[in-house]
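Student: Sequence plus predicted model, see below.
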Amino acid sequence: MLKKILLTLRLGFFSLLLHKMRSSLAVLGIMIGVTAVIWLVALGEGVSQEAQRQIKDLGATNIIVKSVKPAAGSSADEGARFLPYGILREDYDRLLGNIPWIRQAVPMREISREFRHRARSHQGQLVGCTGEYLELNQLSLWDGRFINADDQKLLANYCVIAQSVAEQLFPTENPINQSLQIDSDFYQIIGITADRDPSAAIGGSLAGRDYNSDVYIPLETLRARIGDQVMTGRSNSMEGEIVELSQITIGVANIEQVDHAADIIRELLSRNHPNEDYAVIVPKELLRQAENMRMMFNALLILIAGISLLVGGIGIMNIMLATVTERTREIGIRRALGATRADIIQQFLVESVVLTGIGGALGVAVGFFCKPATNSIRKFLNTFFPDSMASVPASIQNLEPQVAYWSVAVAFGISVGVGLLFGLYPARRAAMMDPIEALRHE
Amino acid sequence: MSTSEPHARFSSRLPSAENGHDARSRQAARVVNLRKEYHLGGNNIVHALRGVSLDFPEGDFVAIMGQSGSGKSTLLNLLGCLDRPTSGQYFLGGQDVSRLSDYELSRVRGRLLGFIFQSYNLIPQLTVVENIQAPLFYQGRVGGKETERCVRLATMVGLRERLDHRPFQLSGGQQQRVAIARALVNNPRVILADEPTGNLDSQTGEEIMRLLEALNESGRTIIMVTHELDIAQRAKRVVVMRDGLLEAAH
Ligand SMILES: Nc1ncnc2c1ncn2[C@@H]1O[C@H](COP(=O)(O)OP(=O)(O)OP(=O)(O)O)[C@@H](O)[C@H]1O
Ligand SMILES: [Mg+2]
């Protein structure tokens, strides 16, 4: 039995060799379909894994409350030169007071500033924060120490700088204990944070949070030295905003409490902030959304890939019909020599499955080249279209496709299935021929 | 499986058999009142066979002649189990095969019949040996023993040197030899030949006829359709058809 199948396979293979060009084209059709499935799924997986990693970095048990500049015109103080908005220190106290099971609440204020050391300067984010900020954002120290509670109390002029900032401002020296100038004040550098990947974009901005040009100082120091009132726009214009806190990151003990805590937070804030100058971001919800997105994305990709395999399948059917017509006489001979209808069906099904199977195998082989192919496409685009590439979000620019093993199995399985499905009609047609007429066929 | 090769002689060869179990067992084939009608739409019916009865004892070698359209091919197709009669019976190896299903007819063709065609009808993508082996393939007999048998048959028809050649590399006469070897491979009860020399020159035709005669002498039952009188006369007997009926037996 096995031998018979092997012989049928061999026969199918040799029969296909009779028409090399035609068979190769049919194989190509299936190969493209299979490659499309594998590549599309790999790219989709790459995008969504990156998105999920970024969201997970935000912490699944965290709730982030962020100040958002209200849309122009919605503010009661329109026309004021200094626009007050965002989360207030009293909001912070209110949240802590009303949600007793909060594990931690980490306030933060950030401003865009220029950092100087002697002749060198670097534009970045000045972050006023507490000691918890380090762990909360999965930052690690590269050297020195981070801000602590004493620094807050003493309003110390200490700062911790990110590794990239350190490299920029102190290319040759050790930055620890050196001074950093921000506006007209000098801060002593006590630590350096190691660079890390950006985290997920939150609060409506497309770009992820980049930690690599940050400088951290104690929150209280920032309040004392810089204050809430900040200039925006060009240096001499007297326009600006008044913001007490940029963000509060609230952590609860376990993930079941997240939804309830988020509801309370939204409720509390909405009472005191009628003009929606804040946003509540729940990474757990983002994660759920990302998961839904991923599933929809995959369904869409499978649909597209399915269409390309359908087209390949029609090609197979076309070729098998031509083959059957051409080999009518052979069919008659085989019937005379004792082949049953089932034998004939089997023979032609095997042929179409050999076609699609080869196409599938080649498609799988090419499918595994997804990563190098993506890299060279990226290199090509970066070389010839650097401007348009620069505007592409980082998550796409750094995309690492992940070849999903299930997609390889599914794609190969489907290609064989396409052979069976689209080979069936031509094979049946061959089998139902009248042997006498088939033998008479020229 | 009998070991009888073409050279193994049958002990007895009886003339045209009577009814009865005894006689039937020595008959290779027998048709009784065979009719075949083709319905061509409307009331247009072609009576291709109008009641043909004929016995083929084992070891028979009969030539069927007749004018074009007299029903020779129709009869041969029925004998070859490629088609079913409208009415009448056909006994092959003691079994009535006139009402079998398509599947059963296929099995009967594979086990009991050998075909030789005017235009050889080899399978182009197969080698000589593979062509000879094809009927065994459909019986699931694909072992080395079977291949050996095919090589022996190829040797017998004089194609020992050409085992791996493909049909397009062979002359017409050589192709017909392959076809003859193929018709023998399943050790059939009856060999059916439809104008086996029709596409060959007289010299090559002569060689093929000698081969058929030798096969018959070794006990094979051969039924042959031909237009040529001198070919027909090489058979043991000749039947002539006219208008779907047997005219006379010589
Ligand atoms: N499939 C068919 N449909 C309709 N009529 C048919 C069919 N096959 C044969 N016939 C008719 O049956 C009759 C006998 O045909 P058959 O082919 O048996 O003749 P033949 O003796 O083999 O002739 P030839 O010597 O030309 O081959 C003819 O009248 C033919 O037209
Ligand atoms: Mg005819």
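Tutor: Perfect, thanks for sending it. Ligands and ions are numbered 1, 2, ... in the order given.

Student: Mind telling me what element the residue of the stretch 151-300 of chain A found nearest ligand 1 is part of?
Tutor: The minimum distance from the stretch 151-300 of chain A to ligand 1, using C-beta to the nearest ligand atom, falls at residue A:299 (53.2 Å). From N, CA and C alone the C-beta is placed, and that goes for glycine too. Using DSSP states H and E, the element containing residue A:299 is helix A:283-326.

Student: which other helices and strands contact that helix?
Tutor: Where contact means 3 or more C-beta pairs under 8 Å, 6 or more residues apart in numbering or on different chains; DSSP states H and E, helix A:283-326 is packed against helix A:20-58, helix A:257-272, helix A:341-367, helix A:405-431.

Student: so the third one versus helix A:20-58, what angle?
Tutor: With axes from the mean of the first three to the mean of the last three C-alpha atoms, to 10 degrees as the basis, helix A:341-367 and helix A:20-58 are set at 50 degrees to each other.

Student: any low-confidence regions in the chain?
Tutor: As the question left the chain open, I've gone with chain A. Applying pLDDT under 70 to chain A picks out residues A:72-80, A:199-208, A:232-238, A:393-395.

Student: That was the other one, I meant chain B.
Tutor: Counting by pLDDT under 70, the ranges of chain B that qualify are B:1-25, B:248-250.

Student: and the residue of it nearest chain A?
Tutor: residue B:110 (2.1 Å; C-beta to the nearest C-beta).

Student: Now for that residue: which residues touch it?
Tutor: Residue B:110 sits next to A:337-339, B:135, B:138-139, B:186 when contact means C-beta atoms under 8 Å, 6 or more residues apart in numbering or on different chains.

Student: spatially speaking, which residue is in the middle of the chain?
Tutor: In the absence of a named chain, this looks at chain A. residue A:47 (2.7 Å; C-alpha atoms, centre = their mean).

Student: sorry, should have said chain B
Tutor: For chain B, the residue sitting closest to the mean C-alpha position, by C-alpha atoms, centre = their mean, is residue B:192 at 1.2 Å.

Student: Which helix or strand contains that residue?
Tutor: Using DSSP H and E, residue B:192 falls within strand B:190-194.

Student: how about the next helix or strand after that strand: buried residues?
Tutor: Next in sequence after strand B:190-194, counting helices and strands by DSSP H and E, comes helix B:202-217. Neighbour-count burial for helix B:202-217 flags B:204-209, B:211-212, B:215-216 (criterion: 16 or more other C-beta atoms under 10 Å in any protein chain shown).

Student: Output helix B:202-217 as PDB, restricted to C-alpha atoms.
Tutor: These are the backbone C-alpha positions of helix B:202-217, laid out as PDB (Å, rounded to 0.1, in the frame of the first residue of the first chain):
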ATOM      1  CA  SER B 202       3.500  -5.800 -43.600                       C
ATOM      2  CA  GLN B 203       6.900  -7.100 -42.500                       C
ATOM      3  CA  THR B 204       6.500  -5.800 -38.900                       C
ATOM      4  CA  GLY B 205       2.800  -6.900 -38.900                       C
ATOM      5  CA  GLU B 206       4.100 -10.300 -39.800                       C
ATOM      6  CA  GLU B 207       6.400 -10.400 -36.800                       C
ATOM      7  CA  ILE B 208       3.600  -9.300 -34.500                       C
ATOM      8  CA  MET B 209       1.300 -12.000 -36.000                       C
ATOM      9  CA  ARG B 210       4.000 -14.600 -35.400                       C
ATOM     10  CA  LEU B 211       4.200 -13.500 -31.800                       C
ATOM     11  CA  LEU B 212       0.400 -13.800 -31.400                       C
ATOM     12  CA  GLU B 213       0.500 -17.300 -33.000                       C
ATOM     13  CA  ALA B 214       3.100 -18.400 -30.600                       C
ATOM     14  CA  LEU B 215       1.100 -17.100 -27.700                       C
ATOM     15  CA  ASN B 216      -1.900 -18.900 -28.900                       C
ATOM     16  CA  GLU B 217       0.000 -22.100 -29.400                       C
END
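
Student: Now tell me what touches it from outside.
Tutor: Helix B:202-217 has contacts (C-beta under 8 Å, 6+ apart) with B:6, B:9, B:59, B:61, B:157, B:171-173, B:176-177, B:180, B:184, B:191, B:193, B:196-197, B:200, B:222, B:224, B:231, B:234, B:236.

Student: switch to 6 Å and redo it
Tutor: Helix B:202-217 is contacted from outside by B:6, B:61, B:173, B:176, B:180, B:196-197, B:222, B:234, using C-beta atoms under 6 Å, 6 or more residues apart in numbering or on different chains.

Student: Dump those residues to JSON lines, plus neighbour count and distance to residue A:321.
Tutor: Formatted as JSON lines, the contacts of helix B:202-217 follow (neighbours: other C-beta atoms under 10 Å in any protein chain shown; distance: C-beta to C-beta, whole Å):
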{"residue": "B:6", "neighbour count": "19", "distance to residue A:321": "42"}
{"residue": "B:61", "neighbour count": "21", "distance to residue A:321": "43"}
{"residue": "B:173", "neighbour count": "20", "distance to residue A:321": "36"}
{"residue": "B:176", "neighbour count": "29", "distance to residue A:321": "32"}
{"residue": "B:180", "neighbour count": "24", "distance to residue A:321": "34"}
{"residue": "B:196", "neighbour count": "27", "distance to residue A:321": "34"}
{"residue": "B:197", "neighbour count": "26", "distance to residue A:321": "36"}
{"residue": "B:222", "neighbour count": "25", "distance to residue A:321": "39"}
{"residue": "B:234", "neighbour count": "19", "distance to residue A:321": "44"}
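
Student: Which pair in those residues has the greatest spatial separation?
Tutor: By the measure C-beta to C-beta, B:61 and B:173 form the most distant pair in the contacts of helix B:202-217, at 20.4 Å.

Student: what about the helix or strand where residue B:153 lies and chain A, touching?
Tutor: Assigned by DSSP H and E, residue B:153 falls within helix B:144-156. No. No part of helix B:144-156 sits near chain A under the criterion C-beta under 6 Å from any C-beta of the partner chain; the closest distance found is 10.2 Å.

Student: Show me what that helix packs onto, helices and strands only.
Tutor: If you count contacts as 3 or more C-beta pairs under 6 Å, 6 or more residues apart in numbering or on different chains; DSSP states H and E, helix B:144-156 packs onto helix B:128-137, helix B:172-184.

Student: elements contacting the last one?
Tutor: The one in question is helix B:172-184. strand B:113-116, helix B:128-137, helix B:144-156, helix B:202-217.

Student: Make a markdown table out of the ones you listed and add distance to residue A:279.
Tutor: A markdown table is the format used below for the helices and strands packed on helix B:172-184 (distance: least, C-beta to C-beta, whole Å):
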| stretch | distance to residue A:279 |
| --- | --- |
| strand B:113-116 | 85 |
| helix B:128-137 | 74 |
| helix B:144-156 | 79 |
| helix B:202-217 | 95 |
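
Student: And those: which comes nearest residue A:162?
Tutor: Nearest to residue A:162, of the helices and strands packed on helix B:172-184 and by C-beta to C-beta, is helix B:128-137 at 74.9 Å.

Student: In contact with residue A:265, which residues?
Tutor: Listed by C-beta under 6 Å, 6+ apart, the contact set of residue A:265 reads residue A:280.
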